[in-house]
Structures are given as structure tokens and as C-alpha cells.
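**Student:** how would this look folded up:
(one chain, ligands or ions: 2)
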Amino acid sequence: MIPEAIIETLKTLVDADKVRTDSASLDTWGRDWTKQFEPAPLAIVFPKSTEQVQAVVRFANEHKLALTPSGGRTGLSAAAVAANGEIVVSFDYMNQILDFNPYDRTVTCQPGVVTAQLQQYAEDQGLYYPVDFASAGSSQIGGNIGTNAGGIKVIRYGMTRNWVAGLKVVTGAGELLELNKGLVKNATGYDLRQLFIGAEGTLGFVVEATMRLERAPKNLTAMVLGTPDFDSIMPVLHAFQGKLDLTAFEFFSDKAMGKIMARGDVPAPFATDCPFYALLEFEAVSEDIANQALETFEHCVEQRWVLDGVMSQSEQQLQNLWKLREFISETISHWTPYKNDISVTISQVPAFLRDIDAIVGEHYPDFEIVWFGHIGDGNLHLNILKPDAMPKEEFFAKCASVNQWVFDIVKRYNGSISAEHGMGMTKRDYLGYSRSPEEIAVMKAVKAVFDPNGIMNPGKIFPD
Ligand SMILES: O=C(O)CC[C@@H](O)C(=O)O
Ligand SMILES: [Zn+2]
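**Tutor:** Ligands and ions are numbered 1, 2, ... in the order given. Take a look at the predicted model:
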């Protein structure tokens with residue numbers, strides 16, 4: 001089918017004014033936050049209903065046209081980049097909250113609902129949607145499900161997967177499947193819902209999601225602690241976890257802190273310069289718990305695991321301490337970073353970080369390296385910053401050439417080359433470092449069941 005005919009047909013499948021082909025729209029909806037790939041979609045369609053999504057998928061399936069889903073476009077692995085003439089299916093107009101059930105504590109929403117919108121809705125009902133991250137103001141629930149998004153509260157609440165009670169999906173064959181229907185208990189065979197979570201739109205598109213809500217936390221209180229080296233962070237985590245139910249345990253390096261301080265709009269937590277910082281959070285629901293936190297802090301100082309620290313005394317101070325961590329990704333995006341999102345079991349983190357640091361130090365002696373991440377989950381974000389004078393292509397090629405050394409270490413530790421950002425186009429060629437050939441063969445077979453013509457977000461997860 002010639003492109004003009006495809007576009008004309010699309011206009012009959014969604015509202016006629018909901019197909020865009022102008023270059024600004026192709027550029028906007030054809031990409032996510034990654035900067036390696038140039039978008040080149042054929043068209044952007046904005047369905048308004050499940051029926052319209054089904055019509056587009058059926059048409060694409062019949063004519064073997066590739067589709068790429070698009071949510072809040074905050075992805076960091078190029079899973080929502082249309083670089084090869086795909087039709088982008090944007091869920092921007094499927095953004096309604098459809099139902100709330102206070103007894104089930106579930107909310108049913110369309111995939112284009114923004115994470116912060118769901119969080120606010122939950123708050124309005126006196127409840128809490130706990131999956132949270134810096135891009136919550138733009139990211140959409142459909143995309144969160146597609147990547148099984150994690151974020152800053154995983155240590156307590158787990159990943160997006162834990163909060164999906166039911167899904168309606170349109171498969172690559174255009175069938176509508178209703179998966180798990182909000183049930184807590186359902187022992188009727190394979191839980192297909194789980195396959196669509198983290199599938200990056202390669203099996204089908206989520207058109208409705210029933211999400212669980214939780215009791216709202218009380219009197220959240222944060223501490224930022226400076227440590228003399230990375231290794232000291234682990235006994236600090238252990239000490240605090242032994243005394244408190246933590247809602248977060250994050251870390252960042254002095255380089256990350258330096259970039260945040262240079263912004264000029266975030267107050268320094270304390271005067272002492274430290275090589276590493278930990279940010280932890282807990283519910284200070286009683287004086288006893290606040291005292292336990294302070295006693296543990298003192299113990300960590302006595303052990304010389306901590307050089308300095310501060311505890312929030314107000315909501316404003318809590319927000320300011322979180323900015324130290326939450327602003328890192330956006331702040332360093334100015335340097336077009338090369339990103340790694342890697343994980344190992346928590347106990348292995350210090351040795352793993354030391355090995356990776358040695359390799360990147362050896363191969364990138366002139367590049368600035370920024371470490372931060374969700375240390376309580378064993379998830380490290382390694383960002384390599386592009387020197388201002390170096391062209392983007394040269395920089396990414398240099399970084400890619402070191403991937404195998406980094407990923408060899410990940411493999412040696414039985415770790416993951418993508419902890420929470422997904423595979424997308426950035427990591428697809430390296431899947432074999434985290435998954436066996438047998439596993440990959442099964443994954444491909446599963447894809448073929450749901451997407452027999454390979455039209456659903458091709459070139460993501462696997463090279464294809
Ligand atoms: O930019 C990154 O590398 C990580 C982004 C996000 O996952 C975070 O933890 O802030
Ligand atoms: Zn992260």
C-alpha cells in the first residue's frame with residue numbers, strides 16, 4: 001500500500017483530524033527522551049477509544065504495517081522511538097479515569113492517564129498510588145506498564161507490576177483480551193496480564209488498566225547522609241533497615257551533587273563535602289520512630305560510615321532534600337548523557353560498582369561519570385556525560401564500544417542490563433547478556449503468538 005493510501009485509510013479508522021503527518025508532529029511524537037535516534041514515523045494517530053485502537057491494529061496487521069505506541073514520551077531506552085516509518089499510536093486522547101472502587105481500592109483508567117493525575121486522584125480519595133519518579137508529571141500509565149516502571153519507592157512498594165490488578169489489551173492480531181479483571185486471587189492458569197507488563201508494546205497495546213491503590217503514608221521524613229566512600233553506604237542501609245520500614249533508599253555521587261548545586265535553586269543539605277550521599281525516607285509516625293532514626297544516624301557516625309547528615313523537619317525540607325536526588329536526571333540531560341540502568345542483587349552492589357567503575361575509568365579517562373540510583377533495589381544509574389566539544393555521533397559510538405566490557409561484568413554478576421528503563425532500541429542488541437538463548441527463543445515464540453505478523457513495536461527488546 002502506498003503511504004498516501006495508508007494515511008487516507010487511517011483517517012477513516014480514527015477521527016479524521018486525529019491523524020498527523022506534519023514534520024513537527026512526526027518529530028514530537030516519533031521520539032522519547034533518548035537522544036541517539038532520529039525519528040522518522042509515517043504518521044501519528046490519536047485514537048479516542050478501544051474500538052479505534054482495534055481498528056488501527058487490525059488494519060496494520062492486515063497490511064503488515066509497523067506500529068509504535070507513544071505515551072508521555074519520557075522513556076530512556078528508545079522503546080517509544082519510531083525511526084523506521086512506523087505508524088505511531090499516541091494515547092494522549094485516551095486519558096480518562098473511568099472508575100473507582102473504594103472497597104477494592106482500585107481505579108480503572110485509560111492508558112493516557114498521566115502518572116501524577118493518578119497520584120492526585122488517589123490522594124483525593126484519601127489513598128495513594130505509590131509508583132513515583134521524577135517524570136511522573138508527564139509519563140503515562142500505559143507507558144509505565146509497558147516498561148514496568150520502578151522509581152524511587154520500589155524498596156517499599158515494588159514496581160508498577162505490583163499495582164496492576166487488571167488489563168484490557170489489544171493484541172497484535174487485533175483481539176481484545178481482558179486479563180485478570182481486578183481479582184486479587186485467580187488461580188486459573190497462566191497469568192497473561194504479567195506478560196504485557198514490561199513488554200514495551202511488543203505483544204499488544206494496553207487500552208485500559210485497573211490499578212491498585214494503597215493507604216497514604218504518614219509524616220514522611222527524609223534524611224540525607226554523606227559517606228566517606230561507596231562501601232560505607234551498604235552498612236548504613238543495613239543499619240537503617242534493621243530499625244525502620246524505609247520508603248526509599250537512594251544514593252548519588254559528589255559529581256551528581258555538584259551538578260545539582262550548580263543549578264543554584266536547591267539548598268545544600270549541609271556544609272561537609274562527601275564523596276557519596278544516601279537519601280533515605282521513612283514514616284515518622286511516632287516520636288519513638290524519629291528517635292530510632294536519630295540513634296541509628298549516631299551509630300553510623302560513630303562507625304565512621306557517615307560524615308554528616310540532616311533530617312527533614314518540615315514538608316518543605318522534605319521536598320528540598322528530594323530535589324537533590326530527583327533533579328539529577330533532568331539536570332545532566334544538558335550533557336547528552338550515555339545511560340546505563342543496571343542492577344545486581346543488593347549484597348553484590350559494592351563489588352559490582354567497583355568493577356564497573358574501574359572499567360569505565362580505564363576506557364573513558366576524559367569523560368565525566370555520574371553515578372546515582374536506587375541502591376536499596378540494587379539498581380545503579382551510570383551516566384557518562386558528553387564533552388561539550390565532541391559531536392554526538394562520535395560520543396555515542398565511543399560509549400557503545402565499551403558496552404561489552406560493562407555488560408560482561410553485569411553478566412558475571414548475574415545482573416540485569418536494564419533494571420527499570422526497558423530494552424528499547426538502546427539495549428536490544430545486548431539482550432543476550434541478561435537472558436539465555438533458550439529464554440530468548442521462548443520470548444520470541446510468545447511474541448509470535450500475540451503478534452503473528454510482527455507489527456507491534458518491532459525492533460524493540462530484540463533486534464528482530
Ligand atoms: O537518567 C537516568 O539515568 C535515570 C532516570 C531515573 O530512572 C532516575 O532514577 O532518576
Ligand atoms: Zn531510576
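
**Student:** Name the single longest helix found in the chain.
**Tutor:** With DSSP state H setting the assignment, residue counts place helix 392-412 as the longest helix in the chain.

**Student:** ok, is it in contact with ligand 1 or not?
**Tutor:** No. Residues of helix 392-412 contacting ligand 1 under C-beta under 6 Å from any ligand atom: none, with a closest distance of 13.2 Å. Using the backbone N, CA and C atoms, a C-beta is placed for each residue, glycine as well.

**Student:** Now the helix or strand just after that helix: buried residues?
**Tutor:** Beyond helix 392-412 in the direction of the C-terminus, DSSP states H and E gives the next helix or strand as helix 437-450. The neighbour-count check on helix 437-450 (16 or more other C-beta atoms under 10 Å) flags 443, 447, 450 as buried.

**Student:** counting contacts, what elements does helix 437-450 pack onto?
**Tutor:** Taking 3 or more C-beta pairs under 8 Å, 6 or more residues apart in numbering; DSSP states H and E as the contact definition, helix 437-450 has no neighbouring helices or strands.

**Student:** ok now that helix, how far from the chain's centre?
**Tutor:** Going by C-alpha atoms, centre = their mean, to the nearest Å, the spacing between the C-alpha centre of helix 437-450 and its chain's C-alpha centre is 23 Å.

**Student:** mind saving the C-alpha coords of it as CSV?
**Tutor:** Backbone C-alpha positions of helix 437-450 (Å, rounded to 0.1, in the frame of the first residue of the first chain) are rendered in CSV as follows:
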residue,chain,number,x,y,z
PRO,A,437,19.4,-18.2,24.1
GLU,A,438,16.7,-20.6,25.3
GLU,A,439,14.9,-17.8,27.2
ILE,A,440,15.1,-15.5,24.1
ALA,A,441,13.7,-18.3,21.9
VAL,A,442,10.7,-18.6,24.3
MET,A,443,10.2,-14.9,24.4
LYS,A,444,10.2,-14.7,20.6
ALA,A,445,7.7,-17.6,20.5
VAL,A,446,5.4,-15.8,22.9
LYS,A,447,5.6,-12.7,20.7
ALA,A,448,4.6,-14.7,17.7
VAL,A,449,1.5,-15.9,19.5
PHE,A,450,0.2,-12.4,20.3
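
**Student:** can you list the residues that contact that helix?
**Tutor:** Taking C-beta atoms under 8 Å, 6 or more residues apart in numbering as the criterion, the residues outside helix 437-450 that touch it are 171-173, 195, 202-204, 431-432, 435, 454, 456, 461-462.

**Student:** what about 6 Å?
**Tutor:** The contact list for helix 437-450, computed with C-beta atoms under 6 Å, 6 or more residues apart in numbering, reads 171, 172, 202, 203, 204.

**Student:** Which of those residues sits closest to ligand 1?
**Tutor:** Nearest to ligand 1, judged by C-beta to the nearest ligand atom, of the contacts of helix 437-450 is residue 202 at 21.0 Å.

**Student:** Which residues are in contact with the closest one?
**Tutor:** 447, 456, 457, 460, 461.

**Student:** what's the pLDDT at it?
**Tutor:** Among the per-residue scores, residue 202 holds a pLDDT of 98.

**Student:** ok, now residue 408?
**Tutor:** Among the per-residue scores, residue 408 shows a pLDDT of 97.

**Student:** swap in residue 245?
**Tutor:** According to the per-residue confidence, residue 245 scores 97 in pLDDT.

**Student:** Return the nearest residue of this structure with respect to ligand 1.
**Tutor:** In the chain, the residue that lies nearest ligand 1 is residue 329 (3.3 Å; C-beta to the nearest ligand atom).

**Student:** Excluding covalently adjacent residues, which one is nearest to that residue?
**Tutor:** In space, not counting the residues next to it along the chain, residue 329 is nearest to residue 134; the distance is 5.8 Å by C-beta to C-beta, 6 or more residues apart in numbering.

**Student:** what's the distance between the one you found and residue 241?
**Tutor:** When C-beta to C-beta, to the nearest Å is applied, the distance between residue 134 and residue 241 equals 24 Å.

**Student:** what's the answer for residue 62, then?
**Tutor:** 54 Å.

**Student:** ditto for residue 438
**Tutor:** Taking C-beta to C-beta as the measure, residue 438 falls 36 Å from residue 241.

**Student:** same check, this time on residue 179
**Tutor:** Here the distance between residue 179 and residue 241 works out to 35 Å (C-beta to C-beta).

**Student:** Who has more neighbours out of these two?
**Tutor:** Per other C-beta atoms under 10 Å, whichever of residue 179 and residue 241 has more neighbours is residue 179, with 20 against 16.

**Student:** Which strand residues bridge the more buried one?
**Tutor:** residue 167 (DSSP bridges).

**Student:** Which positions in the stretch 1-150 of the chain make contact with ligand 1?
**Tutor:** Where proximity means C-beta under 6 Å from any ligand atom, the interface of the stretch 1-150 of the chain facing ligand 1 comprises 76, 133, 134.

**Student:** In ChimeraX, how would I select just the buried ones from these?
**Tutor:** The following ChimeraX command selects only the buried members of those, with burial defined by 16+ other C-beta under 10 Å:
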select :76,133,134
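
**Student:** could I get the residues of the stretch 1-150 of the chain next to ligand 1 as CSV with distance to residue 394?
**Tutor:** Written out in CSV, the entries for those read as follows (distance: C-beta to C-beta, whole Å):
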residue, distance to residue 394
76, 21
133, 31
134, 29
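
**Student:** Turn the residues of the stretch 1-150 of the chain next to ligand 1 into a markdown table, columns for pLDDT.
**Tutor:** Shown next, in a markdown table, are these (pLDDT from 0 to 100):
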| residue | pLDDT |
| --- | --- |
| 76 | 97 |
| 133 | 96 |
| 134 | 95 |
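
**Student:** gap between residue 22 and residue 28?
**Tutor:** Relative to residue 28, residue 22 is positioned 10 Å away (C-beta to C-beta).

**Student:** let me fix that: residue 291
**Tutor:** 52 Å.

**Student:** neighbour-wise, which of those two wins?
**Tutor:** Neighbours per residue (other C-beta under 10 Å) separate residue 291 from residue 28, with residue 28 holding more: 16 against 11.

**Student:** how about residue 159, what does it touch?
**Tutor:** 148, 150.

**Student:** Likewise for residue 58?
**Tutor:** Taking C-beta under 6 Å, 6+ apart as the criterion, residue 58 is in contact with residue 174.

**Student:** and it, that's in a strand?
**Tutor:** No. Going by DSSP: H, G, I helix; E, B strand; the rest coil, the assignment for residue 58 is helix, not a strand.

**Student:** Need the pLDDT of it.
**Tutor:** Reading off the per-residue confidence, residue 58 sits at a pLDDT of 98.

**Student:** cool, residue 36 as well?
**Tutor:** Predicted confidence (pLDDT) at residue 36: the value is 88.

**Student:** tell me which element it falls in.
**Tutor:** Secondary structure assignment for residue 36, by DSSP H and E: no helix or strand.

**Student:** domain assignment for the protein?
**Tutor:** The record's domain split for the chain, according to automatic domain parsing, is 3-92, 97-215, 220-329, 336-445.
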